[in-house]
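>>> Generate coordinates for the sequence data below:
(one chain, ligands or ions: 1)
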Amino acid sequence: MSLIQKIEVLKEEALERLKQTNNAVELNAWRIRYLGKKSQLNDILRSLSTLPLNERKQVGAAANLLKTGLEERLSKKEQAINRKRIESTGEEQLDVSLPGCSLPIGRLHPVTQVIDEMSKIFVSMGFQVVEGPEVEWDYYNFEALNIPREHPARDTMATLWVDYETDGGDRPMLLRTHTSPMQIRVMEKMQPPLRVIVPGKVYRYEATDATHIPMFFQIEGFAVDKNITMAHLKGTLYEFSRRFFGQDRRARFRCDYFPFVEPGVEMAIECAVCKGNGCRLCGSSGWIEILGAGMVHPKVLERVDIDPRVYSGFAFGMGIERVPMLRYGIDDIRLFYSSDLRFLRQF
Ligand code: DAH
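Residues are numbered from 1 along each chain as shown. Here you go, the predicted structure:
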């Protein structure tokens, strides 16, 4: 049999065998047998140099043609086997040439945005930002703020108590019901002059509805120095209102009671919806209360060894969620914490 015939036979045989391969293992065996180093085809290719020139050309061309032909068939078969495997196993095919999916870009939560915006305003007025613990001692949350054990003001803040066994003594622990305990913590450590704001989470044991949730945010602020008066309190908060709510929004103060301030006030701003004429949002009063404030009670200063005859201070505490609610006309506080991206993406 001439080499040319041999090549022809080899081709028939290889193609016939290729048809019978069904998986990667069989295909690899086929590759070794017909295209490997010890294959007949390779033997022929290696022997080319020993052939007379004329035959060499002829045989060489045929052998190389077979080689590329078989390689082509091999790769086709390989793809077919792969495709079959993926289809049968349901395995996902990775197409590296597909364009990547773009990841959605996150954004700050609307409440975080408001905290940042408010903090910037107070920082520009010389306040520093401090944070404190959400799990707090009764002492800081109530006692030191002039709210003793049997004080009725405790009933206005339904408290979530924390069971603890480590302390042994009579030191009840709770989830802070307001950010005011940070007044005490800061004044214990730092001496006046002080200008501090404290944004953070607070907790109340309350049933959830459109305006109540058991966890919400407050921002506390206070200033202690010699000769601080009610005029500083009003000046600071009017300025805040102008910058945050706008030049034309009116703000007003009225008397209120908080055990840790004397005198105590509440500040309200003109309702944005009805411009003070009265509507459903403001309960037809035309005003919306946004914070409690007052002059720091002398008993509170005494607690932290600051002499109330020398120093005085003002303090205020504001609920945060109400602000974006008023600004954007959001009528249900629960939306902030429902993780509904359709809602959150609007801000
Ligand atoms: N802590 C009060 C509350 O949560 C708000 C408050 C009122 C804070 C008067 C103050 C203040 O600092 O002076 O209802």
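
>>> C-alpha from now on. contacts and neighbour counts both.
OK.

>>> of all of the stretch 51-200 of the chain, which residue lies closest to the ligand?
When you check the stretch 51-200 of the chain against the ligand by CA to the nearest ligand atom, the closest residue turns out to be residue 178, at 4.5 Å.

>>> how close does that residue sit to residue 208?
Note on residue 178: its distance to residue 208, by CA to CA, to the nearest Å, is 18 Å.

>>> higher neighbour count, those two?
Comparing residue 178 with residue 208 by other CA atoms under 10 Å, the one with more neighbours is residue 178, at 24 against 12.

>>> these two touch, right, that one and residue 199?
No: at 10.2 Å, residue 178 does not count as touching residue 199 under the criterion of CA atoms under 8 Å.

>>> Any regions of the protein where pLDDT drops low?
Where the chain drops to pLDDT under 70, the residues are 90-93, 164-170.

>>> Residues in contact with both of residue 178 and residue 199, list them for me.
Residues touching both residue 178 and residue 199 by CA atoms under 8 Å, 6 or more residues apart in numbering: residue 218.

>>> name the element residue 302 belongs to?
Take DSSP states H and E as the rule and residue 302 turns out to sit in helix 298-303.

>>> what's in contact with that helix?
Here helix 298-303 makes contact (CA under 8 Å, 6+ apart) with 144-146, 184, 260, 307-308, 312.

>>> will you turn these into TSV that also has neighbour count, distance to residue 222 and secondary structure?
Below are those laid out as TSV (neighbours: other CA atoms under 10 Å; distance: CA to CA, whole Å; DSSP: H, G, I helix; E, B strand; the rest coil):
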residue	neighbour count	distance to residue 222	secondary structure
144	21	16	helix
145	23	14	helix
146	21	16	coil
184	19	11	helix
260	24	12	coil
307	13	16	coil
308	16	15	coil
312	23	11	strand
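
>>> going on from the helix or strand residue 183 falls within, what's the next piece of helix or strand?
Assigned by DSSP H and E, residue 183 falls within helix 181-189. Sequence-wise, the next helix or strand downstream of helix 181-189 (DSSP H and E) is strand 194-203.

>>> Render the CA-only coordinates of the next helix or strand after that next one in PDB, please.
Counting by DSSP H and E, the next helix or strand C-terminal to strand 194-203 is strand 215-225. Coordinates of each C-alpha in strand 215-225 appear next as PDB, following Å, rounded to 0.1, in the frame of the first residue of the first chain:
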ATOM      1  CA  MET A 215     -36.700  52.900  66.400                       C
ATOM      2  CA  PHE A 216     -36.200  56.400  65.000                       C
ATOM      3  CA  PHE A 217     -33.500  59.100  64.800                       C
ATOM      4  CA  GLN A 218     -33.000  62.200  66.800                       C
ATOM      5  CA  ILE A 219     -30.400  65.000  66.800                       C
ATOM      6  CA  GLU A 220     -29.500  66.500  70.100                       C
ATOM      7  CA  GLY A 221     -27.700  69.800  70.500                       C
ATOM      8  CA  PHE A 222     -26.400  71.900  73.400                       C
ATOM      9  CA  ALA A 223     -24.200  74.700  74.200                       C
ATOM     10  CA  VAL A 224     -22.700  75.500  77.600                       C
ATOM     11  CA  ASP A 225     -20.700  78.500  78.500                       C
END
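
>>> Lovely, talk soon.
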